[in-house]
Every structure is written in C-alpha cells, then in structure tokens.
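[1] Sequence first, then the predicted structure:
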Number of protein chains: 2
Amino acid sequence: MPSEHKRIVVRRDILADAKADAAIERQRLLDRGTLVINLVSSPGAGKTSLLQATAKHLQGQYSMAVLVGDLETDRDAQRLSPYAPVAQLTTGGACHLELPLVRRGLIALGDPRVDFLFIENVGNLVCPASHDLGEHLRVVMLSVTDGDDKPGKYPKMFRTSHAVVISKVDLLPYVPFQVENAIQDALMVQPSLSAIQVSSHQGLGIDQWCRFLIESRERLVLRRECTSAV
Amino acid sequence: MPSEHKRIVVRRDILADAKADAAIERQRLLDRGTLVINLVSSPGAGKTSLLQATAKHLQGQYSMAVLVGDLETDRDAQRLSPYAPVAQLTTGGACHLELPLVRRGLIALGDPRVDFLFIENVGNLVCPASHDLGEHLRVVMLSVTDGDDKPGKYPKMFRTSHAVVISKVDLLPYVPFQVENAIQDALMVQPSLSAIQVSSHQGLGIDQWCRFLIESRERLVLRRECTSAV
C-alpha cells in the first residue's frame, strides 16, 4: 500500500563540519590559556584603531596577536604591526573569514602562546555572522556615525555576539545617535549583550574594554580549570 | 591512443541567466524613460538620508520611486514614505538584493512610470557588487567617518560603480579623512568614476548630485533615441 510509505527528508547543517572544527580549535586555544576574540563590524567602524589602542593598553601585562582579514591590501596589518604580532588574511574578494584561513594565519605567526588572539574580520555586518572561527567571544562594533537603528536591521550579527562596542563616541555631539536607543535595540535582539562605549582616538573607554577582555579571559580559564578538575 | 584525447572543461558563468534577465529589465525601464540607480554602501553611510534629500530636491520637476532593501525591519521605507512611493524589500537575512525581489517590489508599486527608480541595496560593501539588478547606474557611497582607505580594501564595489558619493562631509573637521586620498584610491580601482561630495543633513552637494542624475538620465535617454533612429 503506497499510502503507508512516508518520505522522510533528512536535512543536515551544511556548516556542521566547519562548526565541529571550530569547536576543536576553540578548545585547543582555551587549553593553552588564549582567549580568542572575533571582532566584527561594518567597514570603517574602527576595528583596527580599537586593536591599536588595546595593544598599547595591555602592553607589558598581557601578550596578544592579531589576524587581520581583508578582501585586498595589507593596510590594516601595516597599521597594527608596530603594536603586536600580526598576520594579514587576504580573502581575495570573499566577504568573510573562515577557519582554514584563520589557521593559516596562526601558522604564519608560529602558532604563538598569547593571552589574547584577536581576529579582525572583514568589514561586513552580514556574512561573518554565519561563520564560527573558533572564537570564545564575538564582539560587534557599532560606530555612532552609522546610526542607532542598526542592531534591528542586522539582527543576526548582534544575536550571535557577546558584546557590542559602541565606537567613535567623541563624535556624538555631531551626529543623530542616541546611545540608549542603540543599546535598547541591541538588547531586543540579544538580551545578554554587554555594551561598552569607546573612542579609540581619544582613549575613552579603553580601560573598561580591556577590563572586559581580562575578566572574560579569567572567567573562561577558570571555568576550564574547574571542568578539568572534575 | 589515449594521449591524443584531451579533456576540455567548459565553464559557464553561474550568474549568466541572472545577467541576461537584468539586461532585459534594464532595457525595458530605459525604453519608458526610467533611469535605475543601484545605491550601495556599507551600513549607515547615509543612503536613506541621501534619498530623502534627493526626493525633496527633485520634487515637482521629476518623478521618482524607491525600492529599499534590508535584512529585517521596514525602518528605511518608513523614513522614505513621506517623500516618494516606496516598497520595502526584506531579504530575511540575505546579504544583497537580487533581481526577482526587485521585480516583486516594482509590482508592489504598480510598476510606476517614473523618471528615477532608486534601489537602496542592503548595507554591505562586498556582496551586492556581484549582482546586477538591471540598473543603469551603480553609485557607491563612502562616508567620511568610514575612512579614506576603503576603495582599495573593497575594490570590486568601486570597480563596478559609475560614481562615488562621499557623504557626511559636514563631519570632515572631526575625522581623519582626506577627500583627495579617497578619490585617488577610488580612481586607482576605477579610473572613470565620478566623485560627488554631499552632506544630506546640511543639504551640501545635493544640487550637484541631482544634476549628475538628471544629466545621466538625459544622456541615456538620448543615446536610446539615437539608437532607435538608426
């Protein structure tokens, strides 16, 4: 009786293998005490400037390295190289980073044992949201010049992030951006999001941002130690 | 003799059908005197604000309609609806617009006979570069707050555009952006690019921008008339 035959469609996440790989990388780097931060934003929100300010602030206390993703050019790597070990990841046109390229960058740096590994993603508020790079923290930057309506318009990026860094706050007097509106909009999408306001050029909020990084690392390393003690 | 057999790999542009469709749409809209502008930029560069200013400037002289692309929300359509007929195209997460969705938007507007049809693309400086929407002009916006190094870092978008609109020039005194550097960088990628500077909020450069639109429309309509006279 054909009517008794049912068709069962088995669907599989096409990114399942990539996610499993990312989980392995995340654990490997955690085991050596490295916190991995995937820094995402639209183009020009200030990722490179924030990393310059971060490197200056952490200097002498914590070690860090940076992998910088771009479609073309090594401009960001050049800007960062005076401050930290850096490898440029050139996607050749692709709109986001993926783990194999990240791994190549790590090998190029000699797979360093650092406290913080920053991955500066391609400037794109859409596509990088779908790709796990083995990070422990995903941090989305939102410039005050880009408008306080962006979280709801680009929800996946904010939904999959742990923190939002509101950048260029020194320009607040000149732009129609309400910090409270932006944070409220972001929390509608992801209620557990931490929010930090910075101006990298003027050094505002860098202390708070670095404290967030250090505390996140301690919390994750501590958790790992607890887990391994069980 | 197997050595005489050669393997011939026939490759085909996977977007060939979409490009052919776009060419048909481009001709159809040109035939009725509509200039189609695909407006692209990173998120928050000021596409919606520019279109508000454009609508006010052209009011009473030229007719226009707008199709607004976003991942989620109809915020931009709400902002534009007091100024022009507008349809929101919600991609539901996709990082760029494609022609079928544009056609649906046109139908929603009643396929209007307008002088200018603006397609405000998803805020993304990468992926929309690869998709022909049947436009006659592709215009890329670059905000002065995003940095003058962007054309070389996002070359395909600038290479495939006809004009660059440098926006938010009222903020030039507060940001490290050299207009000449940005234009030079853009011209390295696309030597035939027109460059226009605007501040939509302060109404600066809107006259020049609208003149560019009107002249482009006249040139294209004239060319069409010449062609049909042969």
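    Received the coordinates, thanks. Numbering: from 1, shown residues only, chains lettered A, B, ... in the order given.
[2] can you list the residues of chain A near chain B?
    Counting by Cβ under 8 Å from any Cβ of the partner chain, the positions of chain A adjacent to chain B are A:42-45, A:70-73, A:75, A:93, A:95, A:122-127, A:143, A:145-147, A:149-150, A:152-156, A:168, A:170-171, A:174-176, A:201. C-beta here means a position set from N, CA and C on the backbone, and glycine is covered the same way.
[3] Give me the sheet partners of the helix or strand encompassing A:V36 and which way each runs.
    If you go by DSSP states H and E, A:V36 is part of strand A:35-41. Looking at strand A:35-41 with DSSP bridges, its partner strands are strand A:116-120 (parallel), strand A:137-143 (parallel).
[4] want to throw those strands into TSV with distance to B:L35 and mean pLDDT?
    Formatted as TSV, the strands paired with strand A:35-41 follow (distance: least, Cβ to Cβ, whole Å; pLDDT from 0 to 100):
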stretch	distance to B:L35	mean pLDDT
strand A:116-120	39	98
strand A:137-143	32	98
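[5] Same list (those strands) but as CSV, adding mean neighbour count.
    Shown next, in CSV, are those (neighbours: other Cβ atoms under 10 Å in any protein chain shown):
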stretch, mean neighbour count
strand A:116-120, 26
strand A:137-143, 26
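[6] Looking at those, which is nearest to B:E215?
    strand A:137-143 (33.5 Å; Cβ to Cβ).
[7] what about the closest one, distance to the chain center?
    6 Å (Cα atoms, centre = their mean, to the nearest Å).
[8] what does stretch A:197-209 give?
    With Cα atoms, centre = their mean, you get 17 Å for stretch A:197-209.
[9] ok, now stretch A:210-218?
    For stretch A:210-218, the distance to the chain centre is 14 Å (Cα atoms, centre = their mean).
[10] That one: which residues count as buried?
    A:C210, A:F212, A:L213, A:I214, A:S216, A:R217 (16 or more other Cβ atoms under 10 Å in any protein chain shown).
[11] same question, stretch A:143-151
    Result for stretch A:143-151 [16+ other Cβ under 10 Å]: buried residues A:S143, A:V144, A:T145, A:D146, A:G147, A:D148, A:D149, A:K150, A:P151.
[12] Ramachandran angles for the residue nearest to the fourth one when sequence neighbours are not counted?
    It stands for A:D146. The shortest distance from A:D146 to any non-neighbouring residue, by Cβ to Cβ, 6 or more residues apart in numbering or on different chains, is to B:G44 (2.9 Å). Torsion angles at B:G44 (phi, psi; degrees, to the nearest 10) stand at phi 80, psi 10.
[13] Tell me which stretches of chain A form strands.
    A:35-41, A:64-70, A:86-90, A:116-120, A:137-143, A:163-167, A:194-197 (DSSP state E).
[14] With only the CA atoms kept, save the fourth one in PDB.
    Spelled out, that is strand A:116-120. The C-alpha coordinates for strand A:116-120 follow below in PDB (Å, rounded to 0.1, in the frame of the first residue of the first chain):
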ATOM      1  CA  PHE A 116      44.600  37.300  23.600                       C
ATOM      2  CA  LEU A 117      44.200  36.400  19.900                       C
ATOM      3  CA  PHE A 118      42.200  38.900  18.000                       C
ATOM      4  CA  ILE A 119      40.700  38.100  14.700                       C
ATOM      5  CA  GLU A 120      39.700  41.300  12.900                       C
END
